[in-house]
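Engineer: Predicted model and sequence below, questions to follow.
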Amino acid sequence: MTGRQLTIGCIDYLNCYPFYHHMLAQKPLKGVHVKPGLPEDLNRLVKQGVLDLSPISAAAYPPLREQIVLLPWFCLSSVGYVGSVILASKVPIEQLHGKRVGISRASKTSEILLKILLEKHYGLVPQYCTTPPRPALDDTEAALIIGNDAMVNLGRPVSYIYDIGDLWLQKTGRPVVFAVFAVQKKAVEKQGRIILKVIDSFSNSLALMADEKQAVIKAAAEKYPDIDYDISAYYDLLQFDFTPELKAALGYYFHAAADHGLIEPINALGFLDRNLEITEYRPGHDKEGTDDKPRTVRIPGR
């Protein structure tokens, strides 16, 4: 391992805080710099090689898969209702055909979820336009809002609120994996030991959700004081452990998105194990897990 500082990203939303409470509030890691940002920003910085390790939008994985490897233990997911990924609409969702629908640039995963839902499952073809993370809905009939921006007072009454995680479960029977944790392959080769310390810190932090949940909630509320939401209830909705069911759900999402022409097809996912080796899985489309046995691949230079 070199002496270079490890730079890790952190989604600057309430949902990501449980992974970082241990290192931010209890035991900082030497040689680790935490850089917060919106998912879109972190996706770009991972692509540019600025971030060595970071959560990224699940949809950002396909074009980066030759450059990064995923941590198999962690994700940001929900089974059904999530509360922080919503479609706010002036009219019922069935009436959005041909209407202007705003898409937040903050997360690619949610954009693809919404497009598949509207076009495939509702048979609609809206006019999509780009909106800021917290849109005013002045020039659109509806808008996708995610993260903290979906959990604050929108400033005006909205006739219809649709939870994207809930709609996806209703229409597909699947959970949603919104974000995964990526590591630069070159960083694994050079800084593997500190990466393992970050992984341990994440695990310790999630353990605090069970042992000291109120302390985590208090710290999160202080960090994000504008959240108009029951934080404890919100954290109960989220899934942080990357279970076989969620890996299968991610495989289904990639399959559906590729079939809809929104991403390139994915044949395998690369996961990092604790021996700092890459294990490849072919994502299954069933609810049990993957379609075949894992295959270990050596990282070049190791």
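Structural biologist: Sure, I can see it.

Engineer: Could I get the phi/psi values of L76?
Structural biologist: Note on L76: its backbone torsions stand at phi -120, psi 110 [degrees, to the nearest 10].

Engineer: got a list of what it touches?
Structural biologist: Residues near L76 by C-beta atoms under 8 Å, 6 or more residues apart in numbering: I11, N15, C16, P55, V177, F178, A179, V180, L238, Q239, F240. Where you see a C-beta, it was placed from the backbone N, CA and C, and this is true even at glycine.

Engineer: Just give the closest residue to it, not the sequence neighbours.
Structural biologist: Spatially, and ignoring its direct neighbours in sequence, L76 is nearest to A179 (4.0 Å; C-beta to C-beta, 6 or more residues apart in numbering).

Engineer: quick one: that neighbour from E222, how far?
Structural biologist: A179 is 23 Å from E222, where distance means C-beta to C-beta, to the nearest Å.

Engineer: who's more crowded, these two?
Structural biologist: Taking other C-beta atoms under 10 Å, A179 and E222 do not tie; A179 has more neighbours (26 against 9).

Engineer: That one bridge partners, please.
Structural biologist: A179 has the following beta-bridge partners by DSSP bridges: S57, L76.

Engineer: Export the contacts of L76 as a markdown table, with columns for distance to I263, secondary structure and pLDDT.
Structural biologist: Below are those laid out as a markdown table (distance: C-beta to C-beta, whole Å; DSSP: H, G, I helix; E, B strand; the rest coil; pLDDT from 0 to 100):
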| residue | distance to I263 | secondary structure | pLDDT |
| --- | --- | --- | --- |
| I11 | 20 | strand | 94 |
| N15 | 22 | helix | 93 |
| C16 | 23 | helix | 95 |
| P55 | 18 | strand | 97 |
| V177 | 14 | strand | 96 |
| F178 | 15 | strand | 94 |
| A179 | 15 | strand | 96 |
| V180 | 14 | strand | 97 |
| L238 | 24 | strand | 93 |
| Q239 | 22 | strand | 94 |
| F240 | 24 | strand | 96 |
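
Engineer: Nearest the middle, which residue of the protein would you pick?
Structural biologist: Residue closest to the average C-alpha location in the chain (C-alpha atoms, centre = their mean): A179, at 1.7 Å.

Engineer: Verify the stated contact: that one with A58.
Structural biologist: Yes - A179 is in contact with A58 according to C-beta atoms under 8 Å; the separation is 6.1 Å.

Engineer: shared neighbours of these two, anything?
Structural biologist: Taking C-beta under 8 Å, 6+ apart as the contact criterion, the common neighbours of A179 and A58 are C75, T109.

Engineer: what about the nearest residue to K197 once chain neighbours are set aside, distance to L51?
Structural biologist: Leaving aside its sequence neighbours, K197 sits nearest to L29 (C-beta to C-beta, 6+ apart; 5.8 Å). Distance, L29 to L51, using C-beta to C-beta: 15 Å.

Engineer: Neighbour count for those two, which is higher?
Structural biologist: L51 (28 against 17).

Engineer: Between the contacts of L76, which sits nearest K190?
Structural biologist: Set against K190, the nearest of the contacts of L76 by C-beta to C-beta is P55 (21.0 Å).

Engineer: what residue ranges in this protein are flagged as low confidence?
Structural biologist: By pLDDT under 70, the low-scoring segments of the chain are 1-3, 153-156, 284-302.

Engineer: which one's the longest helix in it?
Structural biologist: Criterion DSSP state H: the longest helix present in the chain is helix 185-211.

Engineer: how about that one: buried residues?
Structural biologist: 185, 187-188, 190-192, 194-195, 197-199, 201-202, 205-206, 208-209 (16 or more other C-beta atoms under 10 Å).

Engineer: Tell me where the stretch 201-302 of the chain has helices.
Structural biologist: Using DSSP state H, counting those that start in this stretch, the helices found in the stretch 201-302 of the chain span residues 213-223, 231-237, 244-259.

Engineer: would you turn the ones you listed into TSV with distance to R282?
Structural biologist: Shown next, in TSV, are the helices of the stretch 201-302 of the chain (distance: least, C-beta to C-beta, whole Å):
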stretch	distance to R282
helix 213-223	36
helix 231-237	30
helix 244-259	8
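
Engineer: Buried deepest among the ones you listed, which one?
Structural biologist: Ranked by mean neighbour count, the helices of the stretch 201-302 of the chain are led by helix 244-259 with a mean of 21 (mean count of other C-beta atoms under 10 Å).
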